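A.B. asks: One predicted model, sequence on top.
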Amino acid sequence: GLNEEAPRANGQLVLLVVLSCLGMALFGYDTGVVSGSIIHVVEEFDLNPLQEEVVVSSTVLFAAVGAAAGGVLTTFYGRKYLIQFASLLYIAGALAVAFSGNFVQIVAGRIILGLAIGISSMTVPVYVAECAPPSIRGALVTINDLMIVAGQVVAGVTNGVMEACDVHSGEDTLVA
């Protein structure tokens, strides 16, 4: 009834939600940061317009592939394992982009990041919903969306700060 107190999230549930939704913040960051860094990436790697578009769009394309694969793979491996796997992909993709020395390497890193984004976007909201008590399930799943937007905000601020400080070396790290 109206006088019943809603159950609160315990520490273990809060930790699960925060750690699971970090991937969503990376989703927002990885898809947003490229808008500010692509100018410098084009200069650094001497990219033509088609290559520029491939660098930008490869992440989104492979996010769709990752989401489709994530839906199937979760049946065989479970959501918790796939979230852990996506975390490893985020790390591998960021390192690949950060240490890329040419067009192919940066695209490979962005593809890995796209797969991580797709897998995590397919598995994290469902995993959080399965672990949350029904009375707070909606609020906890909403954190997923909030983290995507937070990642995009951090990317925008990072882009602005890098440009304002006239930082033109290490843009591949920014893209990661």
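C.D. replies: Thanks, I have it. Numbering: from 1, shown residues only.

A.B. asks: CA only for contacts and neighbour counts going forward, please
C.D. replies: Will do.

A.B. asks: residue contacts, residue 112?
C.D. replies: 59, 62, 89, 90, 92, 93 (C-alpha atoms under 8 Å, 6 or more residues apart in numbering).

A.B. asks: OK, contacts around residue 119?
C.D. replies: 63, 66, 67, 68, 69, 70, 71, 82, 83, 86.

A.B. asks: go again using 7 Å as the cut-off
C.D. replies: Counting by C-alpha atoms under 7 Å, 6 or more residues apart in numbering, residue 119 makes contact with 66, 67, 70, 86.

A.B. asks: Which of these fall in helices?
C.D. replies: Taking DSSP state H, the ones among the contacts of residue 119 that sit in helices are 66, 67, 70, 86.

A.B. asks: which one is residue 27 nearest to, not counting chain neighbours?
C.D. replies: Nearest-residue entry for residue 27: residue 117, 5.4 Å, with adjacent residues in sequence omitted and distances by C-alpha to C-alpha, 6 or more residues apart in numbering.

A.B. asks: rewinding a little: closest to residue 134 out of the ones in helices among the contacts of residue 119?
C.D. replies: Within these, distances to residue 134 taken as C-alpha to C-alpha reach their minimum at residue 70, with 24.3 Å.
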